[in-house]
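K.L.:
from the sequence below, what's the structure:
(one chain, ligands or ions: 1)
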Amino acid sequence: MFPSEGFIVIGSMQQEVMMKATSREMTRKDLPQVLAISRENMSAIIFSSWGVEYRDEDLLHILLEPTAHNEVLEREGRVVAYFSIDDRNGNLFINSIQVQKACQGRGLGRMMMARIEEHARLRDSPAIELLVQYTNRTAMEFYRRMGYRLICRQGNNYLMRRTLDPNRGPRFVGLSGSDKPLNMQ
Ligand SMILES: CC(C)(COP(=O)(O)OP(=O)(O)OC[C@H]1O[C@@H](n2cnc3c(N)ncnc32)[C@H](O)[C@@H]1OP(=O)(O)O)[C@@H](O)C(=O)NCCC(=O)NCCS
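P.N.:
Below you'll find the predicted structure:
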């Protein structure tokens, strides 16, 4: 569970910025809300990156993979955010992470990244990886702030990685010959 709240001081005003939410495993009942969050966030990004329409089926396919682990953040009985993770090439891989538009910028993304890191450590994963569409600059900045570094371009995506155990190093299996290293790690 992730109850959390905090405050920042802007000038003389104290403003609430963190949103309270609880985390739990996703169930099938959550799927309509989860799909709606993703569709609202990603339609324009998918179109600008790939030139195709957003399809609910693609996300459903990811969420229903037997090896996927999916969690939601809930607030007042409504799903406001979710993530989906899996193992890939020995690292933990973030398949999808989304915060409802109206709730973005209030700490929910950071909460989920902390939760994902807990999972990675429990699984003894040396690194956490994800793909982000090359047009999704805001998400790239979010990941950068969370400690992720650009590794290479893969098609219209960038591969980003956060190494958890520098002594073991991440597993580099699976990069194809067309991947372009960015030398920005
Ligand atoms: C990307 C996303 C998951 C971030 O979640 P969030 O709840 O909005 O982010 P948080 O409020 O937890 O912010 C965490 C940190 O990232 C920074 N950040 C978040 N969004 C940012 C943005 N658009 N630009 C710059 N920094 C950003 C915050 O300033 C904060 O940094 P700080 O704690 O050092 O001040 C969320 O905005 C989202 O769902 N976006 C649309 C869907 C998406 O692009 N998902 C990723 C697909 S690859």
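K.L.:
who in this structure is up against the ligand?
P.N.:
41, 97-99, 104-110, 132, 136, 138-139, 141-142, 145 (CB under 6 Å from any ligand atom). The way it works is simple: take the backbone N, C-alpha and C, and place the C-beta from them, glycine included.
K.L.:
put the buried members of those residues into a ChimeraX selection.
P.N.:
Selecting the buried subset of the residues of the chain next to the ligand in ChimeraX, with 16 or more other CB atoms under 10 Å as the burial test, is done by:
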select :41,97,98,99,104,106,107,108,109,132,136,139,142
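K.L.:
can you tell me which of the residues of the chain next to the ligand are in helices?
P.N.:
For the residues of the chain next to the ligand, the ones inside helices are Asn41, Leu108, Gly109, Arg110, Thr138, Ala139, Glu141, Phe142, Arg145, with DSSP state H as the criterion.
K.L.:
contacts only, for the spatially most central residue of the chain.
P.N.:
Using CA atoms, centre = their mean, the residue of the chain that lies closest to the mean C-alpha position is Ile97, 3.1 Å off. By CB atoms under 8 Å, 6 or more residues apart in numbering, Ile97 lies in contact with Ala81, Tyr82, Phe83, Ser84, Gly109, Met112, Met113, Ile116, Leu130.
K.L.:
and if we set it to 10 Å?
P.N.:
Contact partners of Ile97, counting by CB atoms under 10 Å, 6 or more residues apart in numbering, are 38, 81-85, 108-109, 112-113, 116, 130, 132, 139, 142-143.
K.L.:
give me the below-cutoff pLDDT ranges for the protein.
P.N.:
Applying pLDDT under 70 to the chain flags residues 1-17, 169-185.
K.L.:
walk me through which strands the lengthiest strand in the chain pairs with, and which way each runs.
P.N.:
Longest strand in the chain by number of residues (criterion: DSSP state E): strand 78-88. With DSSP bridges as the test, strand 78-88 is paired with strand 69-75 (antiparallel), strand 91-99 (antiparallel).
K.L.:
tell me which of those strands sits most buried.
P.N.:
Each of those was scored by mean neighbour count; the highest is strand 91-99, a mean of 22, by mean count of other CB atoms under 10 Å.
K.L.:
can you give me the angle that strand makes with helix 137-145?
P.N.:
Compare the direction of strand 91-99 with that of helix 137-145 by axes from the mean of the first three to the mean of the last three CA atoms, to 10 degrees and you get 130 degrees.
K.L.:
export the strands paired with strand 78-88 as a markdown table, with columns for distance to Asn167.
P.N.:
Shown next, in a markdown table, are those (distance: least, CB to CB, whole Å):
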| stretch | distance to Asn167 |
| --- | --- |
| strand 69-75 | 26 |
| strand 91-99 | 15 |
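K.L.:
the spatially closest residue to Gly147 that is not a sequence neighbour: how many residues sit nearby?
P.N.:
Distances taken as CB to CB, 6 or more residues apart in numbering place Arg162 nearest to Gly147, at 4.9 Å, with adjacent residues excluded. Counted by other CB atoms under 10 Å, the residues lying close to Arg162 total 21.
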